[in-house]
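Peer 1: Need a 3D model of the sequence below.
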Amino acid sequence: MDRRRRLLQKQLDAAVREETRLLSPKAPGRLEQTIRKAEERFPPGAVSALQKAFGLGFEKVFASGTGVIEWTIQPEKSRKAAQHAAAPLKTGRVRSGLRGIERQARRRVRGNRALTAAEGAALGLLGIGLPDIPIFVGMLLKTVYEVAVAYGFSYEPEEERLYILQLLCAALAGDGRMYSAQADRTAFRLGNGKSPDGDLDTWIAAASQQLCLRLLAVKAVQGLPLVGVVGGGFNWAVLGRTGRLARIKYRKRMLSRMLDVVQN
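Peer 2: Numbers count the residues shown, from 1 in each chain. Modelled structure (predicted):
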């Protein structure tokens, strides 16, 4: 039992280090400077409309899109695959079990990245702008949902959706460490059967703002207009970073839950 606890703790410590490397700003302040320049370049009305469009995208997907997303995820099939991948954990084979779960999560993220990059490029070529935002938001949430299922967590309850929005903020922000800490506090409360702080509308607004700011920075650097808002390159980068952080976050939650079982 002590050996298993040490292995679990070692894996948890490794996940924390990976998260620290991912979220540490590579060039502190550079993204914020780029965003300020972008806000000066684009009309305030356009920026406000973009942020509102992202917010409506989240609301639309949360209100009516879960069924469509679940149809593509096939949650029952995914849960059975996740249980099969995690089977070695029950016999104490920690590394083997984690590798199986990680392979499944990575496969899901890769598939979604390829799909959303192609979708974004196609819509960009067609000159489609704001209408494609719900599609991109749906793909973003689908990626996190599939990672959650791979690690044995649900995404349906409102509390879990709030956690997912905090995770998205951490992935998208120039310095996501504050949002990451908030997500960890939420995960701790959920793990102890308590309701998280905050409400869904507040975190929808926060995630929408971070998506908007990230897109503004990309558009400013590339010298592109806001028409054809979400493109293949943006989709690829955002989905990749979000998928990687989701894998780390849910791995931490799973390992913490397993450690609690071993220690109690």
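
Peer 1: Under the pLDDT cut-off, which ranges of the chain? List them.
Peer 2: Judged by pLDDT under 70, the chain has its weakly predicted residues at 1, 26-44, 63-94, 96, 108-132, 216-236, 264.

Peer 1: tell me the helices in it, going along the chain?
Peer 2: 2-23, 30-41, 44-60, 66-73, 75-90, 94-125, 133-150, 158-172, 177-191, 200-222, 232-263 (DSSP state H).

Peer 1: what about residue 147, neighbour count?
Peer 2: Neighbourhood size, residue 147 [other Cβ atoms under 10 Å]: 30. Bear in mind the C-beta positions are built from the backbone N, C-alpha and C, glycine included.

Peer 1: nope, residue 242 is what I meant
Peer 2: Residue 242: 25 surrounding residues under other Cβ under 10 Å.

Peer 1: cool, and the one 5 residues further on?
Peer 2: Other residues within reach of residue 247 by the criterion other Cβ under 10 Å amount to 24.

Peer 1: start the count at 58, not 1, going forward
Peer 2: Yes, from this point I'll number from 58; that puts the last item at residue 304.

Peer 1: separation between it and residue 246?
Peer 2: Distance, residue 304 to residue 246, using Cβ to Cβ, to the nearest Å: 21 Å.

Peer 1: Chain neighbours aside, what residue packs nearest to residue 159?
Peer 2: residue 304 (6.8 Å; Cβ to Cβ, 6 or more residues apart in numbering).

Peer 1: The one you found and residue 162 touch, don't they?
Peer 2: Yes - in terms of Cβ atoms under 8 Å, residue 304 counts as a neighbour of residue 162; the distance is 5.0 Å.

Peer 1: who touches both of those two?
Peer 2: Contact with both residue 304 and residue 162 is made by residues residue 204, according to Cβ atoms under 8 Å, 6 or more residues apart in numbering.

Peer 1: For the residue nearest to residue 111 when sequence neighbours are not counted, the count of nearby residues, please.
Peer 2: In space, and not counting its chain neighbours, residue 111 is closest to residue 265: 3.8 Å by Cβ to Cβ, 6+ apart. The number of residues packed around residue 265, counting by other Cβ under 10 Å, is 25.

Peer 1: which residues sit in contact with residue 265?
Peer 2: Taking Cβ under 8 Å, 6+ apart as the test, what residue 265 contacts is 108-109, 111-112, 114-115.

Peer 1: For residue 207, see how far away the residue nearest to residue 159 is.
Peer 2: Residue 304 is 8 Å from residue 207, by Cβ to Cβ.

Peer 1: and the nearest residue to residue 307 once chain neighbours are set aside, backbone torsions?
Peer 2: Leaving aside its sequence neighbours, residue 307 sits nearest to residue 208 (Cβ to Cβ, 6+ apart; 3.8 Å). In terms of degrees, to the nearest 10, the main-chain angles of residue 208 are phi -100, psi 10.

Peer 1: Need the overlap of contacts for residue 304 and residue 207.
Peer 2: With Cβ under 8 Å, 6+ apart as the test, residue 304 and residue 207 both reach residue 162.

Peer 1: Could you find the closest non-adjacent residue to residue 232?
Peer 2: Nearest to residue 232 is residue 82, by Cβ to Cβ, 6+ apart, at 4.9 Å.

Peer 1: Count the neighbours of that neighbour for me.
Peer 2: So residue 82, with other Cβ under 10 Å, has 14 neighbours.

Peer 1: Wait, it touches residue 230, no?
Peer 2: No - between residue 82 and residue 230 there is no contact under Cβ under 8 Å: 9.5 Å.

Peer 1: can you give me phi and psi for residue 213?
Peer 2: phi -70, psi -40.

Peer 1: Next, work out how far apart it and residue 200 are.
Peer 2: Relative to residue 200, and taking Cβ to Cβ, residue 213 is found at 16 Å.
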